[in-house]
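# Sequence first, then the predicted structure:
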Amino acid sequence: MEKEIVALLINRDFLGLEQFIDLFGTDIIKCIQAILSHSGEINYRKEVENEVFYRIWQKISTYDAEKSSLKTWSLTITRNICLDKKRLIIRERNIIPMDQLPENTFEADYFEKEHFLELVKHLTTEDQLIFLKYYYYQDTPDEIADMLKMNVSQVYNHLSRGRKKIKEMIDLTL
């Protein structure tokens with residue numbers, strides 16, 4: 001079935017896209033909902049969903065069945081698009097008109113958040129999501145574990161590994 005869908009998509013047949021959406025659409029939507037879960041992000045879900053299907057339509061020729069299943073490949077694309085959108089939303093929310101900020105607050109808060117986002121960018125996508133939820137949105141490890149369907153101890157492990165990697169990066173820049 002997957003081979004037929006891939007062949008149809010490569011040939012730009014919309015029947016292949018319909019079959020793809022029937023087969024994987026629910027999983028893609030659940031992934032989007034899991035990552036874009038905060039109230040300020042809900043309005044972006046449909047936009048991301050459309051972007052995911054469009055990107056799959058455009059990039060289907062790069063799919064390699066030897067490397068992964070079609071589901072894994074498409075969910076990886078979905079997760080990356082969602083995380084990119086989440087980063088964009090975070091950056092947009094940090095932009096405050098300069099005339100409303102005291103002079104010293106701008107440098108301290110804004111640049112610290114921008115620096116944090118630059119450091120987080122070097123983590124794995126899963127670690128990025130956990131870091132953003134924990135440090136930016138201040139979700140509890142229990143909430144993160146429930147949302148990502150993992151044990152709380154795994155959340156702590158991801159946070160610990162991420163902190164170590166960020167510390168190593170900071171040490172290299174000093």
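Nice, thanks for sending it over. What you are looking at is a predicted structure, and each value in this text was computed from that prediction instead of being measured. Numbers count the residues shown, from 1 in each chain.

# Now do the buried residues in whichever strand or helix holds residue 27.
In the assignment (DSSP states H and E), residue 27 maps to helix 14-35. The neighbour-count check on helix 14-35 (16 or more other CB atoms under 10 Å) flags 16-17, 19-21, 24, 28-29, 31-33, 35 as buried. (Glycine included, C-beta is placed from N, CA and C.)

# residue contacts, the residue nearest the centre of the chain?
Centroid check for the chain by CA atoms, centre = their mean gives residue 83 as the closest residue, at 2.0 Å. By CB atoms under 8 Å, 6 or more residues apart in numbering, the residues touching residue 83 are 35, 125, 128-129.

# Domain map for this protein?
Per automatic domain parsing, the structural domains of the chain span 1-95, 99-174.

# weakest of those by average pLDDT?
Here the lowest mean pLDDT among the domains of the chain goes to domain 99-174, at a mean of 76.

# quick one, helices of the protein?
Applying DSSP state H to the chain gives helices spanning 2-10, 14-35, 45-59, 70-94, 103-105, 111-120, 125-131, 141-148, 152-173.

# Just name the most buried of those.
helix 125-131 (a mean of 20; mean count of other CB atoms under 10 Å).

# Could I have the CA atoms of it written out in CSV?
Taking Å, rounded to 0.1, in the frame of the first residue of the first chain, the C-alpha atoms of helix 125-131 are listed here in CSV:
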residue,chain,number,x,y,z
THR,A,125,14.3,17.8,18.3
GLU,A,126,12.9,15.8,21.2
ASP,A,127,15.2,17.5,23.7
GLN,A,128,14.3,20.9,22.1
LEU,A,129,10.6,20.2,22.7
ILE,A,130,11.2,19.1,26.3
PHE,A,131,13.5,22.1,27.0
